[in-house]
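>>> Here is my input; please provide its structure:
(one chain, ligands or ions: 2)
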Amino acid sequence: MKSWSAVPVPPVPSSHPGHPVRVHDTARGEVVPVGSADGTARLYVCGITPYDATHMGHAATYVTFDLLHRVWRDAGYDVTYVQNVTDVDEPLLERAERDGVPWEELARREIDLFFSDMEALRVLPPDHYVGAVEGIPDDVAAVRQLLGTGVAYPVPVPEEERTVEGAGRVDLYLDLATQDTFGHVSGWTREEMMAVSAERGGDPERVGKRDPLDPLLWRAGRVGEPHWDGETLGRGRPGWHIECSTIAQRYLGVGLDVQGGGSDLIFPHHEMTSVETAAMTGGRQFARAYVHQAMVGLDGEKMSKSRGNLVLVSRLRAAGADPMAVRLVLLAQHYRSAWEWTDGLLHRAQERLEVWRSAAALGEGAGVGDEAVVTEVRGLLAEDLDAPAALEVVDAWARTALQAGGHGGVVPPAVDALLGVRL
Ligand code: 5CA
Ligand code: ZN
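Ligands and ions are numbered 1, 2, ... in the order given. Sure, this is the predicted structure:
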C-alpha cells in the first residue's frame, strides 16, 4: 500500500557517523545499543487499526519511533522502516457494522486521515506500509507450515456458528507448550498474562484450546464476515499477531533491529508475534530489541478508541493548533514515562515554539557555541531518546540567541532534522 508523503530532512552540520544509538529493550530490561554492525538498521513499528482517528497516544508512539529513525539516519545508518496497518480485525468490523458502512470504506477513510496527521506532524513515512489484507497469502503459508510441523492444532467451530462455503469447521491455534521462548519478550508471569488476555484480543474462554493463552492463527470464515482463500486451511482470515510476524519477515527478515509499539502491545501482541516467528523459524528471535512507548492518558485513563476518551490530532489541527506545537507536546515527554494530555501542555508548547521561532528568525549573527548545541541535542537523543532534555538545550540556545540578537545558523536545520520540528 502507498505510504504517506515524506518531508525533506536537512543535512545536519557536524553529523557524526557511527555515533552509537541506545534505547530501552523491554525484553532485557535495560538500555542497549541498537542498529547492526554493517551500518543498517531495520525497524518494524505496529501500525494503526483504522477504525477511528489518530489520537495523542498513537501520535506519541509514531513520533517516538520517528525520533529513532531520525537519530539513526543522523548516525549514518541505512534505515529500513516497515509499518503495518491492521486493515481487517474485530474492532474494525464491529465499528463498521455499528455505523452501517462497509469495513473497507471505513478503513480507507481512517487510513487517509492518519496519513494527513502524520504528514502534519512531520513523521517520516516508512519504506513499506503494508496492510494485513495484503499479507494474507504469507499468513496462509505460515499457518500451513505450523500445522505441518505439529505446533498448530484445530479447535472445532461452535455448532451454532455458521461458516461459509469452502471454510473448514475448525479454527487453528498455536500450541504454546511447544515453544520454549514464550514469555521472553514481556517477562510476565502467567497470572499477569491471564489478567489482560481477554481485553487485549485474546480468547481465554474459548472451549477446546489446550492452553487458554494459545493464540488464534486462522479463523474459519463465518457467515457475515470477510474471508479469503486459505488453500488447504479453507476459507477464513488470519489471527492478529501472525500479520506482524509475516509482514516483518517478508520486508525485514528475521532478527530485525527494533520492534516498536505502545506498551499495551508488550503482551499479548509482541509476545505472540515473537513466539509465532520462533515457531516458524526453528526458534529464531523475531527482534533484537523491543521498544515501547508508555501510555498516554486522559482524565486518569488510557486514551483509547474503545473507551472513546480521545484527543484527536485532526481535531486539534482543525481548531487551529500548530502541528509543530503538538509535536513539541509529545517531545516534551520521555517515551518511557506515562503522561496525561492537558490543554495546558499545548499552550506551553505553543509558547515554546514561538520563542524558538523568534530566535530562528533573527538570522545569522554571532552564534558562538551553536555547533556544541547540536552535538548536545544529538547526544541526548542517541541516549535513550531523551527528547525532553534536548528541548531544554534548544530553549537555552533560543534565550542566548535572543539576547545576542543572532545565531550561527546551524541549530534550526538540526532541530528540523533531529527533532522533526520545523521553525
Ligand atoms: N494495529 C495494532 C498493532 S499491530 C494496534 O495496536 N493498533 S492501534 O490503533 O490500537 O494502536 C496503534 C499504535 O498506537 C500501537 O503501537 C499502540 O500500542 C499505540 N497506542 C494505542 N493507544 C495508545 C496510548 N494511549 N498511548 C500510547 N500509545 C498508544
Ligand atoms: Zn503489530
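>>> low-scoring stretches of this structure, by residue?
Counting by pLDDT under 70, the ranges of the chain that qualify are 14-16, 366-367.
>>> Check the burial of the closest residue to ligand 2 within it by counting its neighbours.
Among all residues of the chain, Cys46 sits closest to ligand 2, at 3.1 Å; criterion: C-beta to the ion. Placement of C-beta: from N, CA and C, glycine included. When neighbours are defined as other C-beta atoms under 10 Å, Cys46 has 22 of them.
>>> Contact distance from ligand 1 - what residues of the protein qualify?
When proximity is defined as C-beta under 6 Å from any ligand atom, the chain approaches ligand 1 at 46-49, 57-58, 60-61, 84, 86, 244, 261-262, 264-265, 293, 295-296, 302-304.
>>> now, which of those lie within helices?
Of the residues of the chain next to ligand 1, the ones assigned to helices by DSSP state H are 57-58, 60-61, 244.
>>> who wins for neighbours among these?
Neighbour tally across these (other C-beta under 10 Å): the maximum, 31 neighbours, falls on Cys244.
>>> Excluding covalently adjacent residues, which one is nearest to it?
Distances taken as C-beta to C-beta, 6 or more residues apart in numbering place Thr273 nearest to Cys244, at 4.7 Å, with adjacent residues excluded.
>>> Then Gly150?
Leaving aside its chain neighbours, Gly150 sits nearest to Thr178 (7.6 Å; criterion: C-beta to C-beta, 6+ apart).
>>> who's in contact with that neighbour?
Taking C-beta atoms under 8 Å, 6 or more residues apart in numbering as the definition of contact, the neighbours of Thr178 are 150-151, 279.
>>> I'd say the residue of the chain closest to ligand 2 and Cys244 touch.
Yes. In this structure Cys46 lies within contact range of Cys244 using C-beta atoms under 8 Å: 6.1 Å.
>>> Give me the common contacts of the two.
Common contacts of Cys46 and Cys244 (C-beta under 8 Å, 6+ apart): 84, 269.
>>> Not counting the helix or strand hosting Val32 itself, show me its contacts.
Mapping Val32 onto the secondary structure by DSSP states H and E places it in strand 30-33. Surrounding strand 30-33, the residues in contact under the criterion C-beta under 8 Å, 6+ apart are 20-25, 289, 383-384.
>>> Where do the helices of the stretch 201-350 of the chain begin and end?
Per DSSP state H, counting those that start in this stretch, the stretch 201-350 of the chain has helices spanning 240-252, 271-280, 313-318, 323-331, 343-361. These are given in chain order.
>>> Dump those helices into JSON lines; add distance to Asp127 as well.
What follows is the helices of the stretch 201-350 of the chain, written out as JSON lines (distance: least, C-beta to C-beta, whole Å):
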{"stretch": "helix 240-252", "distance to Asp127": "8"}
{"stretch": "helix 271-280", "distance to Asp127": "20"}
{"stretch": "helix 313-318", "distance to Asp127": "23"}
{"stretch": "helix 323-331", "distance to Asp127": "22"}
{"stretch": "helix 343-361", "distance to Asp127": "30"}
